[in-house]
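> Give me coordinates for this.
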Amino acid sequence: MSPIRCLSMVMCLVILAGCGGDNDFSDLDAYLNEVRLRAPGKIEPTPTFRSYPTFTYNAANLRSPFSRQVRVDLAGQKHGSRNVKPDPNRVKQYLEGFNIEQFEMVGTLSNAAGSFALLRGAGGVHRLKVGDYLGRNDGRIVAISGSQVDVVEIVPDGEGAWLERPRTIPLKEHS
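Residues are numbered from 1 along each chain as shown. Sure thing, here's the model as predicted:
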């Protein structure tokens with residue numbers, strides 16, 4: 001064994017021997033007795049947790065009180081007509097089961113039978129002509145040009161009548 005290692009072991013033994021002793025804890029006992037005399041007679045238990053009823057915030061859908069109020073001009077609002085209404089007896093076409101927002105125009109075709117719009121949506125590309133229906137609001141194609149498809153939808157006006165709402169589906173370039 002090396003002399004440095006022997007010296008370090010002897011030092012450790014001396015330090016450990018100094019830690020032992022006569023086990024005299026009288027000074028510690030005196031301090032604890034003094035603390036016990038100063039402290040109040042009893043320690044209060046921790047308070048019990050009271051549960052509170054849950055609160056559900058129901059105003060998330062309302063207008064923020066910090067934003068400016070929107071004025072609705074009821075006089076300028078369009079009113080529906082009793083003459084305009086969807087035909088409940090008409091057989092629905094396949095593309096009327098999809099939202100009109102998901103369709104995009106990708107091109108046109110023309111032949112002897114007429115002009116057709118190519119619309120992508122509902123899982124494929126569909127060839128439509130003037131008079132065909134698409135969308136959930138009885139949307140009828142009224143015009144087809146090289147740059148857009150014009151559709152007129154029939155929507156309720158909120159007062160028991162119906163409105164014709166024009167929409168356009170623009171040509172999507174670079175598709």
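> Strands along the protein, start to end?
Secondary structure of the chain (DSSP state E): strands located at 104-111, 114-121, 124-128, 133-134, 139-144, 148-156, 162-170.
> What count of nearby residues applies to residue 130?
15 (other C-beta atoms under 10 Å). Quick note: C-beta positions are derived from backbone N, CA and C, even for glycine.
> how close does it sit to residue 107?
16 Å (C-beta to C-beta, to the nearest Å).
> Ok, residue 63 next?
As defined by C-beta to C-beta, residue 63 lies at a distance of 43 Å from residue 107.
> Name the residue in these two with the higher neighbour count.
For residue 63 against residue 107, the residue with the higher neighbour count under other C-beta under 10 Å is residue 107, and the figures read 15 against 10.
> Out of the strands of the chain, which is closest to residue 85?
Comparing the strands of the chain by their distance to residue 85 (C-beta to C-beta), the top pick is strand 162-170, with 4.8 Å.
> which secondary structure elements does that closest one contact?
The contact analysis (3 or more C-beta pairs under 8 Å, 6 or more residues apart in numbering; DSSP states H and E) places strand 162-170 against strand 104-111, strand 148-156.
> okay, those strands in JSON lines with mean pLDDT and distance to residue 121 next?
Compiled in JSON lines, the helices and strands packed on strand 162-170 are given as follows (pLDDT from 0 to 100; distance: least, C-beta to C-beta, whole Å):
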{"stretch": "strand 104-111", "mean pLDDT": "91", "distance to residue 121": "7"}
{"stretch": "strand 148-156", "mean pLDDT": "91", "distance to residue 121": "12"}
